[in-house]
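Engineer: Based on what follows, work out the 3D shape:
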Amino acid sequence: MRVLLSTYGSRGDVEPLVGLAARLRGLGAEVRMCAPPDEEFVALLTGAGVPHTPVGPPMVSMVRPSSPADTSRRVSELAALFDTVSAAAEGCDGLLATGLAHFASRSVAEKLGIPYVYATFCPYLLPSPHHAPPSAALLPGRSLPPEVTGNRALWDLNAQSYNALHGEALNAHRASIGLPPVNDVRDFIFTDHPWLATDPTLGPWQETPDLDVVRTGVWILPDERPLPAALVTFLDAGTPPVYVGFGSMRLVSEDIARVAIEAVRAQGRRALVGRGWANLALIDDSDDCFVIGEVNQQALFPQVAAVVHHGGAGTTTTAARAGAPQVVVPQAGDQSYWAGRVAGLGIGAAHDGPVPTTESLSAVLQTALTPATRVRATAVAAKIRTDGTTVAATRLIDALSRKRPPVSAVNRNGRKQPRIGADT
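Structural biologist: Model (predicted):
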């Protein structure tokens, strides 16, 4: 059995898919993967032994669209990855996509007539009457009608925004490859049967009749790499430090490293700074601080006093598994959701806004460093499940072995086909 896994996004999109790939291979499937060509992703895939087809420009070079016109151009670029993804999908029995890969990947599956699954790593992104949309529901520059307050009405506006921002570019590409237009872009992206790869304690899903969600649990890639010797020496030289890192976030505030180090010192702690894509650096030569590149966070986080981070799903989960108290300084996307979950579960604190001051960060860090937070973080760590990749891989192989037709696709006779992964 051959499976194509396709993603276009940051490490938070790539690494879970590599974890799933490893489990699929362990169950006997042949796996290929489409992912951005960034060096760290290539190294990750090579280390896992997963064949890699590079797609699109490196994620580290991407700039967030600043206008509807920029967004339309981005969608055209993503849809145009169709040819590369299609070549990688030749001979595959099914295709699973995450991140921004949906614009090309779903059309590929539809064109080839193979089963398709879209998976997401945050429940906040899925339409539900139980929560509002994750960001502005309307087009940029338009104000929200004062009479629109209910979640369902906000999601309706959110769907209109998807159509207005993405519909023309997406359908122009679909027409060029002989596929019919999409009337509802948001439903096209998520399908009516998306898979949710989150831990049920950290990222729970409340059932809704509007969407049939398959909950697999979080996808974790086990990391057996040893910590660098210099880092071990620093850890052993004093009390547990506070880790500060913003992962794949490039556009953090200029002085965030200074602010973070000063906030950590204000709590009488040592600081361990992760460079990340923002290339954070130390502010002086004091021996109470140490800077590191990409390391095994699964091995590191159990040894720190707290983790200050941007609130990516992967970092949040890794810190939670380690029982490390967290401070989330959300920068974009779903990170405000994870900040809220960390604060709500009592396993850390959420900073109000993306640009902290020394005083504001020190205040929330003080909360995270209390004994009560550590006790709660330890208790929640014991609840985090690690079988998500096994659940997802087993379900995917079972569905493909029964040769179920594409999810929510329309066959050549115009009839809607059954959904992959649906219970029978």
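Engineer: alpha carbons only for contacts and neighbour counts from here, please
Structural biologist: OK.
Engineer: Let me see the ranges of the helices in the stretch 51-200 of the chain.
Structural biologist: Along the stretch 51-200 of the chain, the segments classed as helices by DSSP state H, counting those that start in this stretch run 68-79, 82-89, 102-112, 151-176, 185-190.
Engineer: and among these, the most buried is which?
Structural biologist: Looking across the helices of the stretch 51-200 of the chain with neighbours counted as mean count of other C-alpha atoms under 10 Å, the highest average goes to helix 102-112: a mean of 24.
Engineer: Which strands or helices does it pack on?
Structural biologist: The contact analysis (3 or more C-alpha pairs under 8 Å, 6 or more residues apart in numbering; DSSP states H and E) places helix 102-112 against helix 68-79, helix 82-89, strand 94-99, strand 116-120, helix 185-190.
Engineer: Mean confidence (pLDDT) on that helix, please.
Structural biologist: pLDDT averaged over helix 102-112 equals 94, rounded to a whole number.
Engineer: what about it, distance to the chain center?
Structural biologist: Relative to its parent chain, helix 102-112 has a centroid offset of 21 Å by C-alpha atoms, centre = their mean, to the nearest Å.
Engineer: do the same with stretch 19-36
Structural biologist: Its chain's C-alpha centre and that of stretch 19-36 lie 18 Å apart, by C-alpha atoms, centre = their mean.
Engineer: Just the terminal-to-terminal distance for it.
Structural biologist: Across stretch 19-36, the terminal residues are separated by 16 Å (C-alpha to C-alpha, to the nearest Å).
Engineer: What residues sit buried inside it?
Structural biologist: Neighbour-count burial for stretch 19-36, with 16 or more other C-alpha atoms under 10 Å as criterion, is recorded at 19-25, 29-36.
Engineer: State the mean pLDDT of it.
Structural biologist: Per-residue pLDDT values across stretch 19-36 average out to 95.
Engineer: so what pLDDT did residue 71 get?
Structural biologist: Per-residue confidence at residue 71 stands at 72 (pLDDT).
Engineer: and of the helices and strands packed on helix 102-112, who's closest to residue 322?
Structural biologist: strand 116-120 (22.9 Å; C-alpha to C-alpha).
Engineer: now the angle from the closest one to strand 94-99?
Structural biologist: For the pair strand 116-120 and strand 94-99, the angle between their directions (axes from the mean of the first three to the mean of the last three C-alpha atoms, to 10 degrees) equals 30 degrees.
Engineer: Distance from stretch 8-24 to the middle of the chain?
Structural biologist: For stretch 8-24, the gap between its own C-alpha mean and the chain's C-alpha mean amounts to 9 Å (C-alpha atoms, centre = their mean).
Engineer: hang on, the earlier thing: using a markdown table, please lay out the helices of the stretch 51-200 of the chain together with distance to residue 130.
Structural biologist: Shown next, in a markdown table, are those (distance: least, C-alpha to C-alpha, whole Å):
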| stretch | distance to residue 130 |
| --- | --- |
| helix 68-79 | 28 |
| helix 82-89 | 35 |
| helix 102-112 | 25 |
| helix 151-176 | 7 |
| helix 185-190 | 17 |
